[in-house]
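Novice: Provided below for reference: sequence and predicted model.
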Amino acid sequence: MIPRLKPYLAQEEFSALFHSHSSSVMLFEDQFAEVFSVKHALTFPYGRSALWAFFKAMQIQGEDIVQPAYTCSVVAHATVLSGNNPVFVDNSLSDYNMDYALLAEAITARTRVVIPTHIFGYPMDVVRVNEIVREAEQCYGHRIYVIQDCAHSFEAESNEASVIKAGDGALFGLGISKQITSIFGGVFTTDDDEIAGRMRDWRDRNFKTADWGRCLDRALYLLAVYPAFNETFYGLVYWLQEKTPLLNRLTKAYHLDEKIHFPPDFQIQMSGVEASVGLAQLSKYSEIKKSRRAIAERYFNELSLPASWILPPKVNGATYSHFAIRVPDNKEVMDYAAQKGVQLGQLIEYSVPHLSAYSAYKGNREFPNSLYCSQHMINLPIHPGLKQSQIEKIISALNAYRVEQ
Ligand SMILES: *Cc1c(COP(=O)(O)O)cnc(C)c1O
């Protein structure tokens, strides 16, 4: 079975496990900054820890943080766990990002931070976002920070420029399902010396350093998880995931928890082993980006789907963490594809304000598009390791649907 995602790892990453040293984390930060053309890159154990540390270091507390309803729940978790209030904005159905008119409405005198998110790698129009924010700043007379959530997009471009540099800072997740991985891990980038300095200080005073046990745990995780993505075994892995709770840690159930909480290790610094794997991945980033775009192009050109299925938006500068299609019945399509040997994803399968833990923040407002998307999305495998024959298999499996139904 073709897995819905697969980290793009080769010998370099596995040998990196055995060649990490104490300076790997600093090297990774320098290299990350260089690859994405930013002044500062700071590592964290998870992307969520990076966002949480931003709020803490900047002493942002009790404030409104404007963010998408349709995104990864860890953004809202970091908001609440740092003592702030998430203010959710519904998404547009055309690119799944925050609706610009609703974004403008959501910003009030209480807003301190806005988190534009480039979901599935489809970039928001960051110039437009910044206009909205600058106008609100004038109106309310205080600074509003803009933090780009680039966990899906990495270096997507908007108006020909990287979205990473469009605000005061940017946030990245580097878990095993992201475009590049450091096993776990997260990064915060900024061109602002003051933000970088305050965050680095705060992190180094409040995060424990990773010890050798931590390095070993991370290395073993990678060694255990990688064979699971092998196409030959993936039928078994799929079965274990679907029918048993055994592989929850692998890919599923990331957000099934209805509680607002962080993993217990969220305040331990990135380990050298992870940084070392991250370094190997950084050198492949441009190849990864090119390959995802090329696969998306093939899907756009060769898929022939039922009229009721909605293809992803064709936006210049997209980086396709996911090739997301909206369908009438996603469970049925997923089962159909699975029978043909193709696993589809159903990201994002929840709407954050509709999670019971967030009912207090939802109030009586409605987020109809976020709710709708949470029930109707599928995503096609689009990882750079796909062979041409696998891409063809995916295309013909889906094209057969229209003929057979
Ligand atoms: C993965 C992800 C993050 C960060 O996730 P961590 O697991 O904490 O590294 C943030 N935002 C989005 C949209 C994500 O998908």
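Specialist: All right, it came through fine.
Novice: buried residues in stretch 310-321?
Specialist: 312, 315, 317-321 (16 or more other Cβ atoms under 10 Å). Quick note: C-beta positions are derived from backbone N, CA and C, even for glycine.
Novice: got the CA coordinates for stretch 295-315 in PDB?
Specialist: Extracted C-alpha coordinates of stretch 295-315, given in PDB (Å, rounded to 0.1, in the frame of the first residue of the first chain):
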ATOM      1  CA  ILE A 295       3.700  15.900  -8.400                       C
ATOM      2  CA  ALA A 296       1.000  18.500  -7.900                       C
ATOM      3  CA  GLU A 297       1.400  19.500 -11.500                       C
ATOM      4  CA  ARG A 298       0.800  15.900 -12.600                       C
ATOM      5  CA  TYR A 299      -2.300  15.600 -10.400                       C
ATOM      6  CA  PHE A 300      -3.700  18.800 -11.800                       C
ATOM      7  CA  ASN A 301      -3.000  17.600 -15.400                       C
ATOM      8  CA  GLU A 302      -4.000  14.000 -15.200                       C
ATOM      9  CA  LEU A 303      -6.700  13.600 -12.600                       C
ATOM     10  CA  SER A 304     -10.200  13.200 -14.000                       C
ATOM     11  CA  LEU A 305     -12.600  13.300 -11.100                       C
ATOM     12  CA  PRO A 306     -16.300  13.500 -10.500                       C
ATOM     13  CA  ALA A 307     -17.700  17.000 -11.000                       C
ATOM     14  CA  SER A 308     -18.600  17.200  -7.300                       C
ATOM     15  CA  TRP A 309     -15.000  16.900  -6.200                       C
ATOM     16  CA  ILE A 310     -13.200  20.200  -5.700                       C
ATOM     17  CA  LEU A 311      -9.500  20.200  -6.600                       C
ATOM     18  CA  PRO A 312      -7.000  22.300  -4.600                       C
ATOM     19  CA  PRO A 313      -6.700  26.000  -5.500                       C
ATOM     20  CA  LYS A 314      -4.100  26.800  -8.200                       C
ATOM     21  CA  VAL A 315      -2.100  29.400  -6.300                       C
END
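Novice: what distance separates that stretch from the middle of the whole chain?
Specialist: Distance of stretch 295-315 from the chain centroid (Cα atoms, centre = their mean, to the nearest Å) equals 22 Å.
Novice: and what of stretch 88-98?
Specialist: 16 Å.
Novice: next, the buried residues of that stretch.
Specialist: Neighbour counts over stretch 88-98 (16+ other Cβ under 10 Å) mark 88-92, 95-98 as buried.
Novice: could you do stretch 317-336 as well?
Specialist: 317-327, 330, 333-334, 336.
Novice: same question for stretch 361-371.
Specialist: 361-362, 367, 369-371.
Novice: that stretch near the ligand at all?
Specialist: No - contact of stretch 361-371 with the ligand (Cβ under 6 Å from any ligand atom) is absent, the minimum separation being 13.2 Å.
Novice: that stretch: end-to-end distance?
Specialist: 15 Å (Cα to Cα, to the nearest Å).
Novice: also stretch 375-390?
Specialist: Stretch 375-390 stretches 27 Å from its first residue to its last (Cα to Cα).
Novice: quick one: mean pLDDT over that stretch.
Specialist: Averaging pLDDT along stretch 375-390 yields 97.
Novice: what do you get for stretch 51-68?
Specialist: 98.
Novice: and if you look at stretch 354-364?
Specialist: 93.
Novice: and it, how far out from the chain's middle?
Specialist: A distance of 22 Å separates the centroid of the chain from that of stretch 354-364, by Cα atoms, centre = their mean.
Novice: list of residues touching that stretch?
Specialist: 73, 76, 80, 85-88, 258-260, 352-353, 367, 370-371, 374 (Cβ atoms under 8 Å, 6 or more residues apart in numbering).
Novice: closest one of those residues to the ligand?
Specialist: Checking those against the ligand with Cβ to the nearest ligand atom, the nearest one is residue 73 at 8.9 Å.
Novice: report how many residues lie close to that closest one.
Specialist: Per other Cβ atoms under 10 Å, the neighbour tally for residue 73 reads 21.
Novice: likewise residue 110?
Specialist: Residue 110, neighbours per other Cβ under 10 Å, totals 13.
Novice: that one touches residue 64, doesn't it?
Specialist: Yes - using Cβ atoms under 8 Å, residue 110 is in contact with residue 64, at 4.3 Å.
Novice: I'd like the next helix or strand past the helix or strand bottoming out on mean pLDDT in the chain.
Specialist: The weakest-scoring helix or strand in the chain, judged by mean pLDDT, DSSP states H and E, is helix 234-243 (a mean of 78). Downstream of helix 234-243, the next assigned helix or strand under DSSP states H and E is helix 272-282.
Novice: can you give me the buried ones in that following helix?
Specialist: So helix 272-282, judged by 16+ other Cβ under 10 Å, has buried residues 272-282.
Novice: with those in mind, which one is nearest to the ligand?
Specialist: Nearest to the ligand among these: residue 274, at 11.5 Å, using Cβ to the nearest ligand atom.
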